[in-house]
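Peer 1: got a predicted structure plus its sequence, pasted below:
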Amino acid sequence: MGETRWLDEREARAWRGLIGVQQRLLAVLERELVQDVGLSGAEYTLLVPLSEARGGVLRARDLGRLVGWERSRVSHQVTRMAKRGLVVREECGEDARGSMVRLTDTGWSSIVAAAPAHVAAVRRYFVSVLTDAELDVIGPALERVLDRLPGIDE
């Protein structure tokens with residue numbers, strides 16, 4: 001193994017900035033979700049793709065891939081959400097080993113109530129502090145980083 005190539009000042013500043021923004025922004029957004037509509041960030045994370053899915057239903061495995069979570073995390077979170085009446089778990093007709101997650105009316109009402117305030121908070125804390133030129137750079141740059149990362153099940 002070769003000698004470690006440490007981050008230079010510019011690289012370290014960008015890296016620390018990304019970590020700091022990720023941690024603080026997600027904490028602020030979660031706190032506001034809980035205060036506004038009583039949803040945790042994890043609940044919102046799963047409700048979004050379910051609300052966008054045809055019929056409000058996704059295979060649990062696909063839901064995990066969409067949000068970048070491991071199977072066990074999805075399973076535990078879906079169990080908690082089912083207890084709150086936000087989702088129901090159903091058998092997968094195509095594969096007896098798989099399960100489907102379906103958005104309930106309560107889950108739909110919750111995401112509809114949460115989305116406007118959440119989008120406003122994202123706009124207030126993230127979008128509005130960046131210029132159009134910065135948004136044009138940061139979006140594609142972060143997509144390139146995501147494309148380089150291995151998937152959860154790789």
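Peer 2: Right, received. Where do you want to start? Numbers count the residues shown, from 1 in each chain.
Peer 1: can you pull out the strands in the chain?
Peer 2: 57-59, 87-91, 99-103 (DSSP state E).
Peer 1: got the buried residues for the first one?
Peer 2: Read it as strand 57-59. 58-59 (16 or more other C-beta atoms under 10 Å). Glycine gets a C-beta too; all of them are placed from N, C-alpha and C.
Peer 1: what do you get for stretch 125-136?
Peer 2: Taking 16+ other C-beta under 10 Å as the criterion, stretch 125-136 shows none as buried.
Peer 1: quick one: contacts of it?
Peer 2: 21, 25, 28-29, 138 (C-beta atoms under 8 Å, 6 or more residues apart in numbering).
Peer 1: same for the longest helix along the chain, what does it pack against?
Peer 2: Taking DSSP state H as the criterion, the chain has its longest helix at helix 9-37. The contact analysis (3 or more C-beta pairs under 8 Å, 6 or more residues apart in numbering; DSSP states H and E) places helix 9-37 against helix 41-52, helix 105-125.
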